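[1] make a model of this:
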Amino acid sequence: MELMNKTFSQLTSKCHTSLRSFYLFLILTIFTSAQVVLIAQSSEFNGLLRIASYNIENYIVEPSETRPLKSDVSRDKVQDFIKKIDAHIIAIQEIGNTNSLFDLLNGLKAKGMHYQYWFHSGGFDTNIYLALLSKFPIVNKKAHMNESFLLHNKRFFVSRGILEADVLLPNKKTITFFVAHLKSRRASTEIDPAELREHEAAILRKLINKRFAENPSAYIVVVGDMNDTRDSTTLKTIIGRGGTALFDTRPTEKVKSSLTGNLSGTFKRDIAWTHYYATGDIYSRIDYILVSKPLQNRLVRDATFILNDPDWGIASDHRPITAGFSITD
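    Alright, predicted model coming up:
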C-alpha cells in the first residue's frame, strides 16, 4: 500500500483533479489484480509441482504452406485434455504462430484454466513452433532459433529450434526448461532423419551442459517430442552420463494392478506409449520428461502419468504426459 501511495503521488502531483481520480482507479486496479494473482498462485501451489508435455499436432488456425488447419473439434479436445491434466507448467509442440497460441490460451481461459505466463519460440520451420505455458513467472527466455550443424558437407538447421527458459516458483526456487521437437521419423530421399536427430540432440545436450557448468545442482527439465525411442543414440546423447546424466521419469497410464492393487509406474511392461504413427500402424514412446538428479529425488510417482482417454486421437496423434515433483523447501 505504501508503494501504491508513492506511485499515486508521483503520477498525480501535477494533474487536474479529474485526472487524479482516473489515475487512482487505474493504480488500484493494477495493484488489486496483482494481489489477486499472487494469492491465487500461492493457494493453488501446495508443494506438488506438476509438469507436462504435449505435442498438439498442427494446432494451426491460419492457412499454412504445408500443414492443414486444425478443426474446432480437435482444438476443443486439446483444451479439454490440458485442463484435465492441470499442470502448473506445460511444454507445447506443434503450435502455430502467436495467433494459434492465443486461440489456445483463450480457449483454456474460457474453460477455467488460465496460464498467465507464456513463451513462444521457433526455428527454421515457420509453420510450427514451441511454447511454454506457466502459472508461475518465466524469468528468463532464450529462443535458440539459428542452431545449425554440418552433415555430409551440407549445413542443416535445428528446424523447430530449442526453447530455453527459467521459471520462478512461489517458494523462490528456479527451474530451467529445455523444450525440443526433434526431426520427424518421416523417411527422406536426401538424408537419414535419424542422423539429423542425432545432431540436433548433440546441440541440445551442449546447451544443457552449459547450464550444468553454471550450476551443477540446478533443477533442469528437458521435455518434448524427441521422435526417437529410449535405446536410440538420440536419447542416449540427450540423457548423457555421470553426474549430469538426466533421469527418465517415464510416465505411464494410471491403472491398478489386478495382483497388487498398486498404481502402475514401476513395471517395465506398464503402458507407456505416447504416439501413434499411422503409416506404420506403430505405437511408441517418443515424448519425454527428463530431469536432473536433484529433481529425480523429488519425483512423485503417483502424480506421474500419461492421460488415458478414449478420445485421445481426436486431439492429436500424441498423448500428453505429466510428472509430479515434491517442492516443499
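
[2] for the stretch 151-300 of the chain, just list every one of the strands.
    Taking DSSP state E, counting those that start in this stretch, the strands of the stretch 151-300 of the chain run over residues 154-157, 162-168, 174-181, 219-225, 247-248, 252-253, 275-277, 282-284, 287-291, 299-306.

[3] dump these to TSV, plus distance to N58 and mean neighbour count.
    To be clear about C-beta, it is placed using only N, CA and C from the backbone, and glycine gets the same treatment. What follows is those, written out as TSV (distance: least, CB to CB, whole Å; neighbours: other CB atoms under 10 Å):
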stretch	distance to N58	mean neighbour count
strand 154-157	20	13
strand 162-168	18	23
strand 174-181	12	24
strand 219-225	13	25
strand 247-248	27	16
strand 252-253	25	20
strand 275-277	14	17
strand 282-284	19	14
strand 287-291	16	25
strand 299-306	21	18
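
[4] and the ones you listed: which comes nearest L69?
    Minimum separation from L69 across the strands of the stretch 151-300 of the chain (CB to CB) falls at strand 174-181, 19.6 Å.

[5] can you check the pLDDT for the residue most central in space within the chain?
    Among the residues of the chain, the one closest to the centroid is A91, at 1.0 Å (CA atoms, centre = their mean). pLDDT recorded at A91 is 98.

[6] partners of the helix or strand encompassing it, with directions?
    Applying DSSP states H and E as the criterion places A91 in strand 89-95. Sheet partners assigned to strand 89-95 using DSSP bridges are listed as strand 48-59 (parallel), strand 129-134 (antiparallel).

[7] hmm, who's touching that strand?
    49-59, 82, 101, 104, 115, 120, 128-136, 160, 163, 167, 175, 177, 179, 181, 223-225, 316, 320 (CB atoms under 8 Å, 6 or more residues apart in numbering).

[8] chain center to that strand, what's the gap?
    Averaged C-alpha coordinates place strand 89-95 at 4 Å from its chain's average position (CA atoms, centre = their mean, to the nearest Å).

[9] confirm for me that E253 is in contact with N308.
    Yes: assessed by CB atoms under 8 Å, E253 is found in contact with N308 at 4.4 Å.

[10] who touches both of those two?
    Joint contacts of E253 and N308 (CB under 8 Å, 6+ apart) are I271.

[11] just the strands in the stretch 1-150 of the chain please.
    Using DSSP E, counting those that start in this stretch, strands in the stretch 1-150 of the chain cover 48-59, 89-95, 117-121, 129-134, 138-144, 148-151.

[12] show me which residues of stretch 225-245 are buried.
    225-228, 230, 232, 234-235, 237-240, 244 (16 or more other CB atoms under 10 Å).

[13] quick one: which of those sit in helices?
    234-235, 237-239 (DSSP state H).

[14] nearest residue to G313 in space, please, no chain neighbours.
    Y276 (7.0 Å; CB to CB, 6 or more residues apart in numbering).

[15] so what's the one you found scoring on pLDDT?
    97.

[16] who does it form a beta bridge with?
    Y283.

[17] gap between it and K210?
    The gap separating Y276 from K210 is 35 Å, by CB to CB, to the nearest Å.

[18] related to what we said a few turns ago, may I see the strands of the stretch 1-150 of the chain organised as CSV, with distance to G324 added?
    Listed next are these as CSV, based on distance: least, CB to CB, whole Å:
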stretch, distance to G324
strand 48-59, 5
strand 89-95, 12
strand 117-121, 20
strand 129-134, 16
strand 138-144, 20
strand 148-151, 35
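
[19] just say which of these is most tucked in.
    strand 89-95 (a mean of 27; mean count of other CB atoms under 10 Å).

[20] okay, now the unreliable bits of the chain?
    1-44, 187-189, 256-267 (pLDDT under 70).

[21] how about 80 then?
    The model of the chain has pLDDT under 80 over residues 1-45, 65, 186-190, 255-268, 329.

[22] could I get the contacting residues of L108?
    L108 neighbours (CB under 8 Å, 6+ apart): 79, 82-83, 114-115.

[23] one more pass at 7 Å, please.
    79, 82-83, 115 (CB atoms under 7 Å, 6 or more residues apart in numbering).

[24] can I have the buried ones of the residues you listed as a PyMOL selection?
    Here is the PyMOL command that picks out the buried ones among the contacts of L108, judged by 16+ other CB under 10 Å:
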select buried, resi 79+82+115
